[in-house]
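S.K.: Compute the structure for the input listed below.
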Amino acid sequence: MWRNWPPKLLIADEVGLGKSITTGLLLRQAVLSGRARRILLMAPKAVLRQWQVELREKLNLNWPIYDGQRLTWFPSPALRGRHERAVARDAWHREPFVIVSSHLLRRADRQAEVLSAEPWDVVVLDEAHHARRKGAGGPQEGGPNRLLGLMRALRTRTQGLILLTATPMQVHPVEVWDLLDLLGLPPEWSKDAFLRFFEDLAQGNPSHEALDRMALLFQAAERHYGRHRRTAARDAGPRQPSSGQESARRLARSGLDSAPHAGRRSTPCGVDGPEARLSRRPADQPAHPGTPPRLS
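M.R.: So this is what the prediction gives:
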C-alpha cells in the first residue's frame, strides 16, 4: 500500500476469510504512517458495533460511531464517562475517524452532509453490493439506487476507496462493473465492453475478432495501471514482456477469469501484538479518540 497509495480496492473474499481484518490492518498502517488523517467507514447499521469492537480489540483503534445524533466511542477505562458526545448534523464529519451507517448516509436528507464535508483520505464501504443499479440486467433496468449514487459522488471527495463484499454480483455481471467503476477503470473498459469481454471469454474457441477485442482491453489495462505494473516489476526483477493478445490467448486457453489488481496487500507497520510496549500512556488512552497511541 505504501508504494501504491491511495488504495483503490474491491475485496471480495468469501464470508469469514478476513475482509474486515485485512481492511483494519490497512487502515492502521495508513494512520500510523500519516498517509490518512481522515477516514470514513460506512457499514450497515447492524454491524457498526461489530466494526468498532474489532478495530478496538484487534488493532487498538478507538473510533466513534455516529448514530445521527451523537458520537459514541468504545467505553474503555481511559474514556470512562467521556465516551459519548452529542454532535450537530453539520459537525459530526469533522471527526477525523468515524464509523457511520450506510443506511443513514444514503437518505436523501443526509447525503449533503457527507458530500459537503472536508474531503476524506480513505472511504470504506462494507457490504458494498448494496450499492447497485435498479433492475440490473433486466428489461426495466434503471439508474443507480441511492447508495450507488452517493458512492459515485463521494469518489471525487476521497483519495482512497475500499469496497468490501462477499457477493459483488447479485443477479447480473453489470453489478460487478458498477463497483469496479467506482475505483476507476480505464475508459476502454465501458459497461458494454466489460460484458462483451466475458461473453468472448466464454466461447470455446474465440474468433480472431474476439481475441483482438480482448487484446485491446488488456493493452488499455496495462497503460492505465502502468505505474503499479512498473513498481511490481521493479520489485520482482526483470521479466519477459507479453503483448495484450498473448495475454488474451492464454486467458482464453485457460478458461480462467482474470482482472487487473488496483493495489496489493501490505503488512502494516507497528501492529500491536503481545510483545508491543506503549510509551507514556496505557493502551486504552490514545492521544486523541480514534488516533492509536505511539509505539515505543
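S.K.: Pairing partners for whatever helix or strand L163 lives in, with directions?
M.R.: Assigned by DSSP states H and E, L163 belongs to strand 158-164. Looking at strand 158-164 with DSSP bridges, its partner strands are strand 8-11 (parallel), strand 120-125 (parallel).
S.K.: distance between the longest one and the chain's centre?
M.R.: Put plainly, it is strand 120-125. 7 Å (CA atoms, centre = their mean, to the nearest Å).
S.K.: Can you give me the buried ones in that strand?
M.R.: 120-125 (16 or more other CB atoms under 10 Å). Bear in mind the C-beta positions are built from the backbone N, C-alpha and C, glycine included.
S.K.: Moving C-terminal from it, which element do we reach first?
M.R.: Next element after strand 120-125 (DSSP H and E): helix 146-154.
S.K.: for that next one, packing partners?
M.R.: Helix 146-154 sits against helix 111-115, helix 174-183, with contacts defined as 3 or more CB pairs under 8 Å, 6 or more residues apart in numbering; DSSP states H and E.
S.K.: Can you check which of the ones you listed gets nearest to L26?
M.R.: helix 174-183 (14.6 Å; CB to CB).
S.K.: Show residues contacting the closest one.
M.R.: 8-10, 128-129, 131-133, 136-137, 144, 148, 151-152, 155, 161, 163, 165, 168-169, 185, 189, 191, 194-195, 259, 262 (CB atoms under 8 Å, 6 or more residues apart in numbering).
S.K.: Give me the angle between the next helix or strand after it and helix 174-183.
M.R.: Next helix or strand after helix 174-183 toward the C-terminus (DSSP H and E): helix 191-201. Calculated by axes from the mean of the first three to the mean of the last three CA atoms, to 10 degrees, helix 191-201 forms an angle of 130 degrees with helix 174-183.
S.K.: looking only at pLDDT, what's the mean for the next helix or strand after helix 191-201?
M.R.: Once helix 191-201 ends, the next helix or strand along the chain (criterion: DSSP H and E) is helix 208-224. Helix 208-224 comes out with an average pLDDT of 90.
S.K.: Tell me the buried residues in helix 208-224?
M.R.: 210-211, 213-215, 217-222, 224.
S.K.: Then stretch 108-124?
M.R.: 110-111, 113-114, 117, 120-124.
S.K.: who's the residue positioned nearest the centre of the chain bridged to?
M.R.: The centroid of the chain falls nearest to I162 when counting by CA atoms, centre = their mean (0.6 Å). For I162, the beta-bridge partners under DSSP bridges are L9, V124.
S.K.: wait, what's in contact with it?
M.R.: Contacts of I162 (CB under 8 Å, 6+ apart): 7, 9, 11, 23, 26, 122-125.
S.K.: of the residues you listed, closest to D90?
M.R.: V123 (19.2 Å).
S.K.: The spatially closest residue to the closest one that is not a sequence neighbour and G226: what is the separation?
M.R.: Nearest non-adjacent residue to V123, counting by CB to CB, 6 or more residues apart in numbering: T158, 4.3 Å away. Using CB to CB, to the nearest Å, we find T158 at a distance of 23 Å from G226.
S.K.: more neighbours, these two?
M.R.: T158 (20 against 10; other CB atoms under 10 Å).
S.K.: my guess is the more buried one contacts V122, does it?
M.R.: Yes: the criterion here is CB atoms under 8 Å, and T158 meets it with V122 at 6.5 Å.
S.K.: Now list whatever residues contact both of these two.
M.R.: Listed as contacting both T158 and V122 by CB under 8 Å, 6+ apart are L40.
S.K.: Contacts only, for W63.
M.R.: W63 touches 39, 41, 52, 55-56, 73, 97-99, 289-290, counting by CB under 8 Å, 6+ apart.
S.K.: how does it look with 7 Å?
M.R.: Neighbour list for W63: 52, 55, 97-99, 290 [criterion: CB atoms under 7 Å, 6 or more residues apart in numbering].
S.K.: between those, which is closest to K45?
M.R.: When those are compared against K45 (criterion: CB to CB), the nearest one is I99, at 10.6 Å.
S.K.: In this protein, where is pLDDT below threshold?
M.R.: 1-2, 227-296 (pLDDT under 70).
S.K.: for the stretch 1-150 of the chain, what spans make up the strands?
M.R.: Counting by DSSP state E, counting those that start in this stretch, the stretch 1-150 of the chain has these strands, from start to end: 8-11, 39-43, 65-66, 70-72, 84-86, 97-101, 120-125.
S.K.: Direction included, what does the third one pair against?
M.R.: Each strand paired with strand 65-66, and its direction, by DSSP bridges: strand 70-72 (antiparallel), strand 97-101 (parallel).
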